[in-house]
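Chemist: Need coordinates for the below:
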Amino acid sequence: MENESIPPESPVACLRDDLTTGEMGISLNICYNCSTCSTICPVALETEGKFNPRSIIQLANCGFLERLIIDLEPNVWDCSMCELCQEACPQHVDLHGIFVTVKNAAAEYENIPESYTSETGQVYLFGKAVPLQPAIVKRREKLGLPPSIDTSLNEIQLLMTLSGAKAILDAVEKKKATTEEAI
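Modeler: Model (predicted):
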């Protein structure tokens, strides 16, 4: 393990528990490093192997969790969540679940790429990552598509608040502002 003095309530300790117990732990341990996940991953192919699902699984299996959620190397946020790796895996490893779990731990550590926090902020403010514009409405009509369904902004904000997403977003923004002030 990287750091045996990790406080039990830290995101790293919680991630260690999540990845070593129950079905997730069993799933992670049955990986035999065949690289099927990496050979089918469109992100790995596009980045010429810089993103590598197998590396994430290996680091998780070996307990290098700080590297995954603090150093973000390799960066699990690069995963597009297409689930091709999981579909192709001969051992049926729950790669999607493992990657979501690692992302959640990184989020609790307030280590989320800015592109994700800015998009999440848009969803919180407008109910959509890309607010509906008149040009989009016209294009949808021209293409014969049904009108875009209105979302309840209050519902979305309530869900984001109750799920903890808003608190994480606020903490990340506060951390960013503090860092910018220090510079």
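
Chemist: which stretches of this structure form helices?
Modeler: Assigned by DSSP state H, the helices in the chain fall at 11-20, 22-29, 36-40, 42-46, 53-62, 65-69, 84-88, 95-108, 114-126, 134-142, 153-163, 165-182.

Chemist: which residues sit against the first one?
Modeler: So the one you mean is helix 11-20. 1, 3, 6-7, 24-25, 28, 60, 63, 65-66, 68-70, 98, 101-102, 105-106, 108-109 (Cβ atoms under 8 Å, 6 or more residues apart in numbering). (C-beta placed from N, C-alpha, C; glycine too.)

Chemist: circling back: rank the helices of the chain by pLDDT, which is bottom?
Modeler: Ranked on mean pLDDT, the bottom entry among those is helix 11-20, at a mean of 80.

Chemist: Now do that helix: distance to the chain's middle.
Modeler: Distance, stretch centre to chain centre, for helix 11-20: 15 Å (Cα atoms, centre = their mean, to the nearest Å).

Chemist: tilt between that helix and helix 22-29?
Modeler: Relative orientation of helix 11-20 versus helix 22-29 (axes from the mean of the first three to the mean of the last three Cα atoms, to 10 degrees): 80 degrees.

Chemist: so what are the domain limits for the protein?
Modeler: According to automatic domain parsing, the chain comprises the domains 11-108, 114-182.

Chemist: got the end-to-end distance for the last one?
Modeler: Okay, so that is domain 114-182. One end of domain 114-182 to the other measures 18 Å (Cα to Cα, to the nearest Å).

Chemist: now stretch 63-76
Modeler: Terminal residues of stretch 63-76 are spaced 15 Å apart (Cα to Cα).

Chemist: List the buried residues for it?
Modeler: 63-69, 72, 74-76 (16 or more other Cβ atoms under 10 Å).

Chemist: what does it rub up against?
Modeler: 1-3, 6, 11-12, 15-16, 19, 50-52, 55-56, 59-60, 99, 102-103, 105-106, 109, 111, 113.

Chemist: Buried among the residues you listed? Make that a ChimeraX selection.
Modeler: Command for ChimeraX that selects the buried part of the contacts of stretch 63-76, burial taken from 16+ other Cβ under 10 Å:
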select :6,11,12,15,16,19,51,52,55,56,59,60,99,102,103,105,106,109,111
